[in-house]
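Peer 1: Sequence and predicted structure below; questions after.
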Amino acid sequence: MKAESAWPAGGSGADARLKSRSAWLRDVIRDKWLYLMLLPGVAYFIIFKYVPMYGVVMAFQDFKPHLGYADSPWVGLKHFRRFFAEPQFWTLFRNTVILALYNMIFFFPLPIVLALMMNEVRRERFKRFVQTLVYIPHFVSWVVVVGIFYMLLTTENGVLNELLFYLFGEKVAFLLEPEWFRTMIITQSIWKEVGWGTIIFLAALAGVDLQLYEAARIDGAGRWRQLWHITLPAIRSTIIILLILRLGNFLDSGFEHIFLMLTPTNREVGEVFDTYVYVKGLTQAQYSYSAAVGLFKSLVGLILVLGANRLAKKFGEEGVY
Amino acid sequence: MSYDKTLGNRLLDFVIYGVLLVTAILCVIPFLYVLAVSFTDPAEVARGGMILFPKEWSLAAYRYIFSTDTLLRSLLVSVYVTVLGTLINLLFTSLMAYPLAKTYLRGRQTILLGVLFTMLFSGGLIPSYFVVKSLGLTNTLWSLMIPSAISAFNLIVLKNFFQGIPDGLEDSAKIDGCSDLGVLFRIVLPLSMPAMATFALFYAVAHWNQYFNAVLYINDNTKWPVQVLLREIVILAQSRIGDTNIDDAEIQPLTIRMAVIVFATLPILLVYPFLQKHFTKGVLLGSVKG
């Protein structure tokens, strides 16, 4: 069944090409059912992923839905020029980058720390108990997460504010004051995803050869030295891969999450590229302009992930691709 | 891992166990709070404070949210989208993953690269919106299922999983006259139950939790899934649901919001314990090979 149809070894020019083409055809006919099974999936990717990629041509047009891509007038880089000239651009840029940096600094290391701690636990039942509980928030929707935080933090009867009032005699309007916006976004992200983030590190840690620890112990290494010389190197490549993926999504600040948290009072610090695209594009019907903003974001993301991957390879790591 | 029971090590253990315990409690206590408040007498809630066990039980909040069929209808929408959507996900994903697991298939690399590229670059919100719109899916529940039929990441993990199944099993089934489709459904899928259970959970959770696609594509509020309703009630603070004239004065909106949260979360928390064992295995599987 699996006879690999070898490419013709000898022969040259047209003859060989003809032969290989007929080999192709023979294989395709042999595997016709497999191709048929591929069809729905391929159609899905073309329609819902590649057609929108083609659709970004609207960023270079004054797109009118009734005219379509073919007949809408071309305007070149007009929308991009407008976007880069807007003072709004720098606000968006700053908000997006600051949130991403906060994520890198405050969120990214936490699952690693948590996984390392779990790895030190030798009571299996305790470990399983902790794992079961910390995974739960991951499965809850952003609406629920934001909703719960709203109710814990509101100045009317919110538990945390009641506590603050009890302790310090005053309340903090976490939900209204823009300076709390980023802190809340990061806190919510951490609460929802920190436990889930440990899974992949625990998997990497489970693969470490226990003999390495034995050998280190015999050489007189304490727990910290074992951590430094065995455990951390063992998960280094996992950390780097996740860092690359994170870089690739650097500009994705968690759209659904931020969309929920945005209010008229915190727009100044909370508006990011994604929410701007939504507001301009779908609530104000500036299709081409917001498609241009979206394209800018996608391109920067692509460059970031390719760049990060190349960098990782340069430093002798495997990289993602 | 073993080590000496020195004072330092004991102290370290103490700190580690303590931090983990606190983390675990912090992860679930908000849910317990929500649950407790939703069952508490509104008057007790109004007095404030942390309630983890109501002194005065009350079903007022639940009576209120079920006094109209708004919540019930959106729960039904969510159940429908989750069940049908997940079936579509599993069917589409496995149908595509199976041929791609055959290394001898011509054109396989090209298709895989095509899939990978979609993970790196996308057309963005606006062009995608127009695709869904031009297909006439807007304002139908299909818009919540079809545009997310396959997750590229899950597809690739499942493909790797299928590749790990010994060829001999499939070959012998074929000799016995089984078609490719038959091999997939009778041999490969039954062998892949842990993986399928994991994907089913992930896809189902994604469907149950989605609200943005509904905000985007569905104007008709009788077709809103429960998360969108929740957003209206909890975050946009429209504490009245439906148009009944129940006397609001005696109902604390907080308890009502909590009750709606309970319903928007319940199904997940109910299936979670049964699937937890599987998904940890499934995720490990994907991450080790991925």
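Peer 2: Received it, and whenever you're ready, just let me know what you need.
Peer 1: Give me the nearest residue to residue 197, chain neighbours excluded.
Peer 2: Let's take chain A. Distance criterion Cβ to Cβ, 6 or more residues apart in numbering or on different chains; nearest residue to residue A:197, sequence neighbours excluded, is residue A:111 at 3.0 Å. (Each C-beta comes from the backbone N, C-alpha and C, glycine too.)
Peer 1: could you do chain B instead?
Peer 2: residue B:278 is the one closest to residue B:197 (Cβ to Cβ, 6+ apart), at 4.4 Å.
Peer 1: ok, that neighbour touching residue B:194?
Peer 2: Yes: the pair residue B:278 and residue B:194 passes the contact test of Cβ atoms under 8 Å, sitting 5.4 Å apart.
Peer 1: Quick check: buried residues in the helix or strand hosting the residue nearest to residue A:197?
Peer 2: If you go by DSSP states H and E, residue A:111 is part of helix A:109-120. Neighbour counts using 16 or more other Cβ atoms under 10 Å in any protein chain shown place A:110, A:111, A:112, A:114, A:115, A:116, A:117, A:118, A:119, A:120 of helix A:109-120 among the buried residues.
Peer 1: So what angle separates the directions of whatever helix or strand comes next after that helix and helix A:109-120?
Peer 2: Later in the chain than helix A:109-120, the nearest helix or strand by DSSP H and E is helix A:124-135. If you take axes from the mean of the first three to the mean of the last three Cα atoms, to 10 degrees, helix A:124-135 sits at 160 degrees to helix A:109-120.
Peer 1: helices or strands next to helix A:124-135 in the packing?
Peer 2: helix A:109-120, helix A:181-206, helix B:7-38, helix B:253-289 (3 or more Cβ pairs under 8 Å, 6 or more residues apart in numbering or on different chains; DSSP states H and E).
Peer 1: for stretch A:218-230, the distance to its chain's centre please.
Peer 2: Here the centre of stretch A:218-230 is set off from its chain's centre by 34 Å, with Cα atoms, centre = their mean, to the nearest Å.
Peer 1: From start to finish, how long is it in a straight line?
Peer 2: Using Cα to Cα, to the nearest Å, the end-to-end distance of stretch A:218-230 comes to 14 Å.
Peer 1: For residue 36, give me its contacts.
Peer 2: Since you didn't name a chain, this refers to chain A. Applying Cβ atoms under 8 Å, 6 or more residues apart in numbering or on different chains to residue A:36 gives no contacts.
Peer 1: The chain in question should be chain B.
Peer 2: Residue B:36 neighbours (Cβ under 8 Å, 6+ apart): B:51, B:52, B:53, B:54.
Peer 1: on that earlier part again, tell me which other helices or strands the helix holding residue A:111 touches.
Peer 2: Short answer (3+ Cβ pairs under 8 Å, 6+ apart): helix A:109-120 packs on helix A:124-135, helix A:181-206, helix A:232-248, helix B:7-38.
Peer 1: Turn the ones you listed into a markdown table, columns for distance to residue B:201.
Peer 2: Output for the helices and strands packed on helix A:109-120, formatted as a markdown table (distance: least, Cβ to Cβ, whole Å):
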| stretch | distance to residue B:201 |
| --- | --- |
| helix A:124-135 | 11 |
| helix A:181-206 | 13 |
| helix A:232-248 | 22 |
| helix B:7-38 | 18 |
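Peer 1: hey, least reliable of those by pLDDT?
Peer 2: Across the helices and strands packed on helix A:109-120, helix A:232-248 has the smallest mean pLDDT, namely a mean of 85.
Peer 1: Return the list of helices and strands in contact with that one.
Peer 2: helix A:109-120, helix A:181-206, helix A:287-314.
Peer 1: mind redoing it with 7 Å?
Peer 2: helix A:181-206, helix A:287-314 (3 or more Cβ pairs under 7 Å, 6 or more residues apart in numbering or on different chains; DSSP states H and E).
Peer 1: Now do the contacts for the residue of the stretch 201-321 of chain A found nearest chain B.
Peer 2: Relative to chain B, the nearest point of the stretch 201-321 of chain A is residue A:294 (3.0 Å; Cβ to the nearest Cβ). Residues in contact with residue A:294 (Cβ atoms under 7 Å, 6 or more residues apart in numbering or on different chains) are A:277, B:124, B:125, B:126.
Peer 1: didn't the last one look like it was pressed against residue A:287?
Peer 2: Yes: using Cβ atoms under 7 Å as the test, residue B:126 is close enough to residue A:287 to be in contact (5.6 Å).
Peer 1: Of the two, give the one with the bigger neighbour count.
Peer 2: residue B:126 (28 against 25; other Cβ atoms under 10 Å in any protein chain shown).
Peer 1: Next to chain B, which bits of the stretch 151-300 of chain A? Give me the list.
Peer 2: A:151-152, A:157, A:159, A:162, A:195, A:199-200, A:203, A:213, A:223, A:256, A:259-260, A:277-278, A:281-282, A:287, A:290-291, A:294-295, A:298 (Cβ under 7 Å from any Cβ of the partner chain).
Peer 1: hmm, try it at 6 Å
Peer 2: A:157, A:159, A:162, A:199-200, A:203, A:213, A:223, A:256, A:277, A:281, A:287, A:290-291, A:294, A:298 (Cβ under 6 Å from any Cβ of the partner chain).
Peer 1: out of those residues, which are buried?
Peer 2: Here, 16+ other Cβ under 10 Å leaves A:157, A:159, A:162, A:199-200, A:203, A:213, A:223, A:256, A:277, A:281, A:287, A:290-291, A:294, A:298 buried among these.
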